[in-house]
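Engineer: Using only what follows, build the 3D model:
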Amino acid sequence: MKNLKRIAFAILILLLPVLAFAQSIADEIVNTQLQLHKIDSQRQSLLLRLEDFKLQKIRYDLEKIGLPQLEQGDIEVKHSAYILGFVPKYKMARWVAHIIIPDVLTGVVFRTNDFREDSSIATGSAVEADYFVKELLEDSTYKYDGFGFDRGHLAPSADFRWSKKALSESYLYSNMSPQLAEFNRGSWGDLEDQIRGYMYRNPGTQLYMLTGPFMGDTLSKIERGKHKLIIPKRFWKVALDLKNKKAIGFIMPNTFITKPIKSFAVPVNEIEKQTGLNFFSHLPEAEQEELESQLKPNDWLPETNNADAEPLDQEKLPQGYFNTLVAKEWTNRRDEITVCGTVVGARVSKKGNILLNLDKQFPNQVFTVFIKKENIVNFNYKPEALLKGKIICVKGRVIDLSGVATMYIENENAIRIQD
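Structural biologist: Next up is the predicted model:
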C-alpha cells in the first residue's frame with residue numbers, strides 16, 4: 001500500500017507541470033477572447049465615431065455650397081444627413097438637400113420602414129393618418145384603408161444605406177410627399193437608382209442632391225387625410241457632381257410614366273426658373289452658370305446596351321445576399337455568402353478554366369467566378385455560353401485573387417440563374 005501511495009505521489013509530481021501548462025493554455029484562451037471582445041467593442045465605438053464625423057461633414061458641405069433661401073413662413077430643419085425647407089402650411093418640405101457619398105456603394109443597412117412624425121418641427125409634420133388609417137383586428141393584425149398614395153421619399157432611404165441613423169431619419173414624414181404608386185415605384189424610383197449608378201461609374205465623388213414637389217393652393221388634396229395634404233402634380237430633382245463639374249435636373253409628372261427618363265432631363269436653371277429657388281448660391285457666379293446651364297443626360301443615364309452592368313441594388317436583395325461591390329468586404333473571411341450580379345464577361349482561359357466576370361468586364365473586373373478545368377464536368381451546360389448576359393447568384397467563399405474579389409465554385413448547384 002505504501003508503495004502504491006509513493007507511486008501515485010510520484011505520478012502527481014510528474015503531472016504537475018503538465019496540469020499547470022494546460023491551465024496556462026486555458027487562461028490564455030480566456031484572456032485572448034477577452035482581448036478580442038475589447039477590440040471589437042473599441043472597433044464598434046470607432047465606427048460610430050467615424051459615422052458621426054461623416055454626418056457632420058455632410059451638413060457642413062451642404063451649407064458650404066449654399067442651400068436654397070427660405071421663403072416667408074418656411075422653416076429650415078436639420079437632420080443627421082439632410083436639411084430641408086419645410087412649409088408648415090402644407091405640412092411638407094418645399095425642398096430636401098442631401099449628399100450621396102461613396103459609402104453608399106458598400107452600405108448594407110436595409111429599409112427600416114419606421115415612418116414617424118418629425119418631432120423636431122414645432123408646428124408638426126404630416127402623420128400616418130394623412131396617408132391611411134388602420135384598424136386593429138381581434139387576431140392582433142391590422143386592416144389598412146389607404147387613401148391611394150404612397151409615402152414618397154424626397155431624399156431616398158437607399159442613399160443612406162451606409163448609416164443606420166441617417167437611413168432611419170429618412171422615414172420622417174417631413175421627408176415624404178404624396179406620390180402615386182405607379183410613379184413612386186416606377187420611373188421615379190428608377191431615376192433614384194440611376195443616380196446612385198452614377199456613383200458606381202464615378203468612384204470617389206459625392207453628389208449634392210436637391211429634391212422637391214411643385215406646390216400650390218390649387219392642387220387637389222387627400223380629403224380623407226388628417227391634414228388634407230396637397231397632391232403635387234410634378235416633382236423635381238437636381239444632382240451636382242462638383243468634383244467632375246457636372247450637373248443635371250429632372251422634372252417628372254406624378255403619374256404612370258412610359259417615356260424614357262432622359263426625356264425629363266432639364267438644365268438646373270430651368271428648375272430654378274419654375275420653382276423660384278436658387279441652388280448652390282455660394283459657388284462663384286460664373287461656375288453656377290456653367291453648371292446650371294448643362295444638359296447632358298447621357299453623362300448621368302448611360303445607354304442600357306453598355307457592355308458593363310450596374311451592380312444590383314443591395315437594398316432589394318434578400319437578407320444574406322450581396323452585390324458585387326459589397327462582396328469585396330467579405331474577402332478572405334471564412335463565411336460563405338451569396339453574391340449576385342450580371343455576367344458581362346465569360347471566357348475560357350488558356351489553361352481551360354472558365355472565368356465569369358460579374359458587372360464589369362476584364363480588365364476592370366470587380367468580381368470573378370472561377371470554375372477550374374477539372375470541375376467543368378460537374379456542369380450539365382457550358383457556363384461560358386449559357387450564363388453570358390444572365391443575372392446569377394453564386395454561393396461560396398470570397399477570396400482575393402490579384403486584387404479582384406473571386407469565388408471558386410465546383411458545380412452547378414453553387415449557381416442560381418435569376419432570369
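Engineer: tally of neighbours for Asn134?
Structural biologist: That one is not Asn; residue 134 is Lys. Applying other Cβ atoms under 10 Å, we find 13 residues neighbouring Lys134. In short, each C-beta sits where N, CA and C put it, glycine included.
Engineer: Also Ala265?
Structural biologist: The burial metric for Ala265, expressed as a neighbour count using other Cβ under 10 Å, is 21.
Engineer: So what sits opposite it in the bridge?
Structural biologist: When bridges are called by DSSP bridges, Ala265 pairs up with Phe250.
Engineer: Now do the helices in the stretch 101-250 of the chain.
Structural biologist: Under the criterion DSSP state H, counting those that start in this stretch, helices of the stretch 101-250 of the chain are mapped to 164-169, 181-182, 188-201.
Engineer: Restricting to C-alpha, output stretch 140-152 in PDB.
Structural biologist: Output in PDB follows, covering the C-alpha atoms of stretch 140-152 (Å, rounded to 0.1, in the frame of the first residue of the first chain):
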ATOM      1  CA  SER A 140     -53.900  41.200 -33.500                       C
ATOM      2  CA  THR A 141     -53.400  42.000 -37.200                       C
ATOM      3  CA  TYR A 142     -54.200  45.300 -38.800                       C
ATOM      4  CA  LYS A 143     -56.700  46.100 -41.500                       C
ATOM      5  CA  TYR A 144     -55.400  49.000 -43.700                       C
ATOM      6  CA  ASP A 145     -57.600  51.600 -45.500                       C
ATOM      7  CA  GLY A 146     -55.300  53.500 -47.800                       C
ATOM      8  CA  PHE A 147     -56.000  56.900 -49.500                       C
ATOM      9  CA  GLY A 148     -54.400  55.900 -52.800                       C
ATOM     10  CA  PHE A 149     -51.000  57.400 -52.400                       C
ATOM     11  CA  ASP A 150     -47.500  56.200 -51.400                       C
ATOM     12  CA  ARG A 151     -45.500  58.000 -48.800                       C
ATOM     13  CA  GLY A 152     -42.900  59.100 -51.300                       C
END
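Engineer: And for that stretch, what's in contact with it?
Structural biologist: Surrounding stretch 140-152, the residues in contact under the criterion Cβ atoms under 8 Å, 6 or more residues apart in numbering are 115, 130-137, 173, 176-181, 183-185, 188, 222, 224-225, 231, 235.
Engineer: Filter those residues down to the buried ones, PyMOL style.
Structural biologist: With 16 or more other Cβ atoms under 10 Å as the criterion, this PyMOL line picks the buried residues out of those:
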select buried, resi 115+130+131+132+173+176+177+178+179+180+183+184+188+222+225+231+235
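Engineer: Looking at the contacts of stretch 140-152, which are in strands?
Structural biologist: With strands taken from DSSP state E, the overlap with the contacts of stretch 140-152 comprises Phe132, Val133, Lys134, Glu135, Leu136, Met176, Ser177, Pro178, Gln179, Phe235.
Engineer: So of those, which two are at opposite extremes in space?
Structural biologist: The distance between the two most remote of those (Cβ to Cβ) is 33.8 Å, for Leu136 and Phe235.
Engineer: Output the helices of the stretch 101-250 of the chain as JSON lines; include the columns mean pLDDT and distance to Ser281.
Structural biologist: Rendered in JSON lines, the data for the helices of the stretch 101-250 of the chain read as follows (pLDDT from 0 to 100; distance: least, Cβ to Cβ, whole Å):
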{"stretch": "helix 164-169", "mean pLDDT": "95", "distance to Ser281": "25"}
{"stretch": "helix 181-182", "mean pLDDT": "92", "distance to Ser281": "35"}
{"stretch": "helix 188-201", "mean pLDDT": "90", "distance to Ser281": "22"}
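Engineer: Whichever strand in the chain runs longest packs against which elements?
Structural biologist: In terms of residue count, the longest strand belonging to the chain (DSSP E) is strand 337-348. On a contact count with 3 or more Cβ pairs under 8 Å, 6 or more residues apart in numbering; DSSP states H and E, strand 337-348 meets strand 321-322, helix 324-327, strand 354-358, helix 383-386, strand 391-396.
Engineer: hmm, back to that, any chance of CSV for the helices of the stretch 101-250 of the chain, columns distance to Ile13?
Structural biologist: Supplementary listing: these in CSV, determined by distance: least, Cβ to Cβ, whole Å:
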stretch, distance to Ile13
helix 164-169, 59
helix 181-182, 82
helix 188-201, 69
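Engineer: Figure out which of those helices is closest to Thr406.
Structural biologist: The minimum distance between Thr406 and these falls on helix 188-201, with 19.6 Å, by Cβ to Cβ.
Engineer: Remind me what that closest one packs against, helices and strands.
Structural biologist: Using 3+ Cβ pairs under 8 Å, 6+ apart, the elements in contact with helix 188-201 are strand 92-100, strand 207-213, strand 234-241, strand 246-253, helix 297-300.
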